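Novice: Just the structure for this:
(one chain, ligands or ions: 2)
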Amino acid sequence: MKKRVMAVFGTRPEAVKLCPLVGELRRRGFPVTVCVTGQHRQMLDQVLRAFGVTPDVDLDLMRPEQNLAALTAGALAGVSDALARSSAGLVVVQGDTTTALAGALAAFYAHIPVAHVEAGLRTWDMDRPWPEEFDRRAVSLIARLHFAPTEAARQNLLREGVAPERVFVTGNTAIDALQTTVRQDYRHPLLDWAAGRRLILLTAHRRESLGAPMEGMLRAVRRALEERPDTAAVYPVHRNGPVRAAAEKVLGDCAQVRLTEPLDPVDFHNLMARCHLAVTDSGGIQEEAPALDKPVVVMRDVTERPEGVAAGTLLLAGTSEEGVYRAVSRLLDDPAAYGAMARAENPYGDGFACRRIADVLEKV
Ligand code: UD1
Ligand code: UDP
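Specialist: Ligands and ions are numbered 1, 2, ... in the order given. Below is the predicted model:
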């Protein structure tokens, strides 16, 4: 008899990366309980709909501009209750969000083992990304099984003293998700709007960049666009209030930019597959865009995805206006640099990460 698995997630990126695993486990006969915290609401529901996953438990925790302490407390209590009412023998969490941390801690308190998907990413800087670097290190202390996307992530865990037999290199499940979303015959009005121009897909939401740094980054993109009339940008704006304010203030009246609501992953992945360049501070987009042969300008000072920088698919631009402006301009003006990045190998996997994870779970 297979043990019941409880998958705990709550934000958009966790859902993109865990829904394919929920599907794989169910196909293999695992009883799976999907427990969502609702840390995100609309942005989570878009992903659940796209992947056809219906939560068994929905804690519905999102409150506008809620602080991290309240969210953590609610998620810890809510997941603990859900575990007490279930027969789960294993809890799966993903990545580095508040939900991942609270889900792992709830399982720890209930003496239920934890499997961590996307384990071992590190910047070694607790302030960047904040609070995610702490979240993922804390989850690593709790986890019994560590599914590292890359060998470099595995090495990080070994350096921290994790037993090698508990670490499995699987690739990133985001690449699995792309296999089901990207289509040849895809059309979208935003693509028609940008037709004939080089399309930049833009996103920004990191908490440590809110305020003046984020406005500077967005101003940099605007300058780069306005100097090149053959370019356009689509920016699906995260629903966080301060992010919306910055986007509206800096780009709201720019004719070369379309600010949109967050897109569902089918639309977002297909736009990414057809864009010229991604400019972002997102974690997941640093993994997905290289798999679609798209260079990425990363608007961060450090990244926990150094494999992509080493492989040449990510250009770490920093968070200053000048740094972002220089990086975007270079990729728009230097075809050789652009071509080398577009051709670089994607280090985040072959789209079979869920299979590898399920293989391990069948054995343990
Ligand atoms: C969270 C994660 C971050 C991840 C990001 C993905 C933490 C601490 N941060 O950050 O690691 O990169 O999600 O997007 O876990 N909101 C809505 N509707 C939604 C989603 C958000 O209105 O569907 C608004 C709410 O006002 C909410 C705010 O955005 O309070 C911030 O959401 P929250 O999940 O706390 O933080 P993120 O910055 O999204
Ligand atoms: N994404 C999406 N719609 C959007 C923007 C992003 O579906 O409008 C997807 C994206 O493809 C990736 C994930 O959301 O799978 C990344 O989420 P986000 O950037 O919010 O978080 P991070 O990866 O930085 O934690």
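Novice: Those residues of the stretch 151-300 of the chain touching ligand 2, which are they?
Specialist: Contact residues, the stretch 151-300 of the chain versus ligand 2 (Cβ under 6 Å from any ligand atom): 174, 203, 205, 236, 262-263, 265, 268-269, 282-285, 288. No exception for glycine: its C-beta is placed from N, CA and C like everyone else's.
Novice: in the stretch 51-200 of the chain, which spans are helices?
Specialist: Here the stretch 51-200 of the chain has its helices, by DSSP state H, counting those that start in this stretch, at 68-84, 98-109, 132-142, 151-159, 173-181, 189-194.
Novice: ok, and which of the residues of the stretch 151-300 of the chain next to ligand 2 reach ligand 1?
Specialist: Under the cut-off given by Cβ under 6 Å from any ligand atom, ligand 1 has His205 from those close to it.
Novice: can I get the residues of the stretch 151-300 of the chain next to ligand 2 in CSV with neighbour count, distance to His276 and secondary structure?
Specialist: Formatted as CSV, those follow (neighbours: other Cβ atoms under 10 Å; distance: Cβ to Cβ, whole Å; DSSP: H, G, I helix; E, B strand; the rest coil):
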residue, neighbour count, distance to His276, secondary structure
Ala174, 27, 21, helix
Thr203, 22, 15, strand
His205, 20, 22, coil
Pro236, 20, 16, strand
Pro262, 19, 21, coil
Leu263, 20, 17, coil
Pro265, 26, 20, helix
Phe268, 24, 16, helix
His269, 26, 16, helix
Ser282, 21, 17, coil
Gly283, 23, 21, coil
Gly284, 23, 19, helix
Ile285, 22, 14, helix
Glu288, 28, 15, helix
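Novice: Redo the residues of the stretch 151-300 of the chain next to ligand 2 as CSV? Include pLDDT.
Specialist: Converted to CSV, these look like this (pLDDT from 0 to 100):
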residue, pLDDT
Ala174, 98
Thr203, 98
His205, 98
Pro236, 98
Pro262, 98
Leu263, 98
Pro265, 98
Phe268, 98
His269, 98
Ser282, 98
Gly283, 98
Gly284, 98
Ile285, 98
Glu288, 98
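Novice: Among the residues of the stretch 151-300 of the chain next to ligand 2, which one lies nearest to Gly120?
Specialist: Using Cβ to Cβ, Gly283 is the member of these that lies nearest Gly120, at 13.5 Å.
Novice: close enough to count as contact, that closest one and Glu304?
Specialist: Yes. Under the criterion of Cβ atoms under 8 Å, Gly283 makes contact with Glu304 at 7.2 Å.
Novice: if I look at these two, which residues touch both of them?
Specialist: Common contacts of Gly283 and Glu304 (Cβ atoms under 8 Å, 6 or more residues apart in numbering): Leu121, Pro129.
Novice: Of the helices of the stretch 51-200 of the chain, flag the one that's most buried.
Specialist: By mean neighbour count, with neighbours taken as mean count of other Cβ atoms under 10 Å, helix 98-109 ranks first of the helices of the stretch 51-200 of the chain at a mean of 25.
Novice: is it anywhere near ligand 2?
Specialist: No. Applying Cβ under 6 Å from any ligand atom, one finds helix 98-109 separated from ligand 2 by no less than 10.4 Å.
Novice: any chance of the helices of the stretch 51-200 of the chain in JSON lines, plus distance to Ala220?
Specialist: Shown next, in JSON lines, are the helices of the stretch 51-200 of the chain (distance: least, Cβ to Cβ, whole Å):
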{"stretch": "helix 68-84", "distance to Ala220": "28"}
{"stretch": "helix 98-109", "distance to Ala220": "29"}
{"stretch": "helix 132-142", "distance to Ala220": "24"}
{"stretch": "helix 151-159", "distance to Ala220": "29"}
{"stretch": "helix 173-181", "distance to Ala220": "26"}
{"stretch": "helix 189-194", "distance to Ala220": "20"}
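Novice: Residues in contact with stretch 118-133: which ones?
Specialist: Residues outside stretch 118-133 that contact it (Cβ under 8 Å, 6+ apart) are 17, 68, 94-98, 134, 136-137, 139-140, 143, 146-150, 152-157, 167, 172-173, 206-208, 283, 300-305.
Novice: Is it in proximity to ligand 2?
Specialist: No. In terms of Cβ under 6 Å from any ligand atom, no part of stretch 118-133 sits within range of ligand 2; the closest distance is 7.5 Å.
Novice: For that stretch, the averaged confidence score.
Specialist: Taken as a whole, stretch 118-133 carries a mean pLDDT of 97.
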